[in-house]
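S.K.: output the structure for:
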Amino acid sequence: MPTRRNALTAKPPHASPPNSPAGIPRIYPDLRKGIPMTETATPLWEVFIRARNGLSHKHAGSIHATDAELALQAARDVYTRRGEGQSVWVVRSSDIIASDPVDKDMMFEPTASKIYRHPTFYEIPEDVGNM
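M.R.: Numbering: from 1, shown residues only. Below you'll find the predicted structure:
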């Protein structure tokens, strides 16, 4: 009479082959050998969402997509599932240029001497709302 195997001792269907490092499934042979994937990576896109009119767009996260249209659709599906957005922007991460924090003094010091550019002395009426 055949014996039943205990469910706790049975090997899962994705168990490693006999001569592979433990824990690496056989469906990823390139990872086992340390060989990088040969496929080209899909571009990374940054997603910005505006919650309602009058507010600014805020960074919501990142997604991978092959083109701008698919990036916009994926951003809509992932980040606005509950209808919380009025507007969605997607920007290819490689197109974003940022200042270096080391250059902080050179970039922002000239504005300190031009107080007329700082709206600290303006009174904003309550009717304006989100500003």
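S.K.: helix or strand for the residue nearest to residue 66 when sequence neighbours are not counted, just tell me which one.
M.R.: Once flanking residues are discounted, residue 66 sits nearest to residue 42: 5.4 Å by CB to CB, 6 or more residues apart in numbering. Backbone N, C-alpha and C define where each C-beta goes, glycine included. Assigned by DSSP states H and E, residue 42 belongs to neither a helix nor a strand.
S.K.: elements contacting the longest helix anywhere in the chain?
M.R.: When the chain is scanned for its longest helix (criterion: DSSP state H), the result is helix 68-79. Applying 3 or more CB pairs under 8 Å, 6 or more residues apart in numbering; DSSP states H and E, one finds that helix 68-79 makes contact with strand 44-50, strand 58-64, strand 87-92.
S.K.: dump the helix or strand just after the shortest one to CSV, keeping only the CA atoms.
M.R.: Using DSSP H and E, the next helix or strand after strand 87-92 towards the C-terminus is helix 104-108. Once non-C-alpha atoms are left out, helix 104-108 reads as follows in CSV (Å, rounded to 0.1, in the frame of the first residue of the first chain):
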residue,chain,number,x,y,z
LYS,A,104,23.2,75.2,-2.9
ASP,A,105,24.9,78.5,-2.0
MET,A,106,25.6,79.4,-5.6
MET,A,107,22.1,78.5,-6.7
PHE,A,108,20.0,80.1,-3.9
